[in-house]
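Visitor: model the following, please.
(one chain, ligands or ions: 1)
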Amino acid sequence: MSRTPHPTTVAPFPMTRLRRTRSSANLRNLVRESTLTVDDLIWPVFVVEGQDHEEPVPSMPGVARKSIDRLVLAAREAADLGIPAICLFPNTDPALKTEGCEEAWNPDNLSNRAIRAIKDAVPEIAVMTDVALDPYNINGHDGIVVDGEILNDETVEALVKMALAQAKAGADILGPSDMMDGRIGAMRHALEAADHRNVTIMSYTAKYASAFYGPFRDAVGASGALKGDKKTYQMDPANSDEAMRLVERDLAEGADMIMVKPGMPYLDICQRVKDTFGVPTFAYQVSGEYAMLMAAAQNGWLDGDKVMAESLMAFKRAGCDGILTYFAPRMARLLNGL
Ligand SMILES: NCc1[nH]cc(CCC(=O)O)c1CC(=O)O
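Guide: Got it, this is the predicted structure:
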């Protein structure tokens, strides 16, 4: 990424014709400022109980929840395409959801079994997890709810147990997506104390209270459970300075990588984070963004491959090191010329 100041010397027309370097594919290739490669992609996937089973997610065309055995095949395919990481989201049996969210740190819960199965069968792909209580919470919230309040410190204690169980199952990257205060430091200390020294944390640092998560909540089966909204913990879409404070805080607590979420409507935040801190910065092109592009493509209103590639390049131009995207395998095939 170029971060040079705006040039002050430009020869006047016709000595300068900015179209010259756009005049052929070779010249365009030579002067291209950003590149998108398979190495930039993290693939979010949904896992469900069962055997040789998959269920399409209606609001996310081309996306299905998969049983662990099918997910292992998908992970193999992703690794063969060169995708460096896969990110797991469980669709938990509603019967296992409780007020205390105990299933979240069950070493044999669906997500932890999936981590172990993937690490066994496809050791070369990095496995990322989601650290938040919503798949296990009868309220659908990311934190423990008492009398309508989402409790911060009690939630952090639960998240630490959840993070340790995931690390023990073999997760390479923990993705705390809950937006409680103090969770990164608490997890980092617990990981160090348990000798999980190389488990990385990609903090969902600037995670906004967004309507673009709708299809995801359908996919994990949280839509029905969620009472109210997430505005007391997720960020106000109006704020940018607050995102900088959160990044500084999460880095100080031991986050290795920072994430901005959603992606496309928050590219200004991505650029500001990268410019200000220069740390590994990721964006999550979320379910609603995927649904929007796919719906238009399915109607023949947009060219699906082209808007996919353009939208992902935009993240690189903004300074992101990588993107979580449901398009990961499709983009990887396109980049690999398949
Ligand atoms: N903590 C849950 C979580 N982790 C990732 C997403 C959204 C992902 C997407 O929309 O693709 C959400 C939803 C939410 O916060 O309600």
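Visitor: need the contact list for the closest residue to the ligand within the stretch 1-150 of the chain.
Guide: Nearest residue of the stretch 1-150 of the chain to the ligand, counting by CB to the nearest ligand atom: residue 132, 3.5 Å away. C-beta: built from backbone N, CA, C; applies to glycine. Residue 132 makes contact with 142, 159, 176-178, according to CB atoms under 8 Å, 6 or more residues apart in numbering.
Visitor: from those residues, which land in helices?
Guide: Counting by DSSP state H, those place residue 159 in helices.
Visitor: quickly note the distance from the residue of the stretch 1-150 of the chain closest to the ligand to residue 266.
Guide: Here the distance between residue 132 and residue 266 works out to 19 Å (CB to CB, to the nearest Å).
Visitor: over to residue 231?
Guide: Here the criterion is CB to CB. By it, residue 231 lies 16 Å from residue 266.
Visitor: same list, the contacts of residue 132, but only the ones touching the ligand.
Guide: Filtering the contacts of residue 132 for neighbours of the ligand using CB under 6 Å from any ligand atom leaves 142, 177.
Visitor: which one of the contacts of residue 132 is nearest residue 78?
Guide: residue 177 (20.8 Å; CB to CB).
Visitor: any idea how many residues pack against the closest one?
Guide: Other residues within reach of residue 177 by the criterion other CB atoms under 10 Å amount to 20.
Visitor: pretty sure it sits against residue 204.
Guide: Yes: between residue 177 and residue 204 there is a contact under CB atoms under 8 Å: 4.1 Å.
Visitor: and the ligand, is stretch 30-43 touching that?
Guide: No: under the criterion of CB under 6 Å from any ligand atom, the ligand is not reached by stretch 30-43; the shortest gap measures 11.8 Å.
Visitor: how far does that stretch stretch from one end to the other?
Guide: Across its full length, stretch 30-43 reaches 29 Å between end residues, using CA to CA, to the nearest Å.
Visitor: residue 231 and residue 266: which is more packed in?
Guide: In this view residue 231 and residue 266 are compared by other CB under 10 Å, and residue 266 has more residues nearby, 26 against 10.
Visitor: and the more buried one, what does it touch?
Guide: For residue 266, the residues meeting the contact criterion (CB under 8 Å, 6+ apart) are 206, 208, 260, 283.
Visitor: just residue 137 next, same as before
Guide: Neighbour list for residue 137: 97-99, 101, 143-145, 225 [criterion: CB under 8 Å, 6+ apart].
Visitor: other residues contacting the lowest-mean-pLDDT helix or strand in the chain?
Guide: Using mean pLDDT, DSSP states H and E, the weakest-scoring helix or strand in the chain turns out to be helix 214-220, at a mean of 91. Residues from elsewhere that reach helix 214-220 (CB under 8 Å, 6+ apart): 46, 57-60, 63, 65, 89-92, 134-135, 140, 223, 226, 286-288, 290-291.
Visitor: for residue 131, grab phi and psi.
Guide: The phi/psi pair for residue 131 (degrees, to the nearest 10) reads phi -110, psi 100.
Visitor: ugh, wrong one, residue 129
Guide: According to degrees, to the nearest 10, the main-chain angles of residue 129 amount to phi -120, psi 170.
Visitor: near the ligand, which residues of the chain?
Guide: By the rule CB under 6 Å from any ligand atom, the part of the chain lying against the ligand is 130, 132, 134, 142, 177, 213, 216-217, 230, 286-287.
Visitor: I'd like these laid out as CSV, including distance to residue 19.
Guide: Below are these laid out as CSV (distance: CB to CB, whole Å):
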residue, distance to residue 19
130, 46
132, 49
134, 51
142, 50
177, 45
213, 42
216, 42
217, 47
230, 47
286, 37
287, 39
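Visitor: looking at those residues, which has the smallest pLDDT value?
Guide: Lowest pLDDT among the residues of the chain next to the ligand: residue 217, with 88.
Visitor: only alpha carbons, please: show the helix or strand encompassing residue 71 as PDB.
Guide: Assigned by DSSP states H and E, residue 71 belongs to helix 68-81. Extracted as PDB, the C-alpha positions of helix 68-81 are listed here (Å, rounded to 0.1, in the frame of the first residue of the first chain):
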ATOM      1  CA  ILE A  68     -18.500 -31.600  10.700                       C
ATOM      2  CA  ASP A  69     -17.700 -34.300   8.200                       C
ATOM      3  CA  ARG A  70     -18.800 -32.100   5.300                       C
ATOM      4  CA  LEU A  71     -17.000 -29.200   6.800                       C
ATOM      5  CA  VAL A  72     -13.800 -31.100   6.900                       C
ATOM      6  CA  LEU A  73     -14.100 -31.700   3.100                       C
ATOM      7  CA  ALA A  74     -14.700 -27.900   2.600                       C
ATOM      8  CA  ALA A  75     -11.600 -27.200   4.700                       C
ATOM      9  CA  ARG A  76      -9.600 -29.500   2.500                       C
ATOM     10  CA  GLU A  77     -10.900 -27.700  -0.600                       C
ATOM     11  CA  ALA A  78     -10.100 -24.300   0.900                       C
ATOM     12  CA  ALA A  79      -6.600 -25.400   1.900                       C
ATOM     13  CA  ASP A  80      -6.000 -26.800  -1.600                       C
ATOM     14  CA  LEU A  81      -7.100 -23.400  -3.000                       C
END
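Visitor: please consider this matter closed, and thank you.
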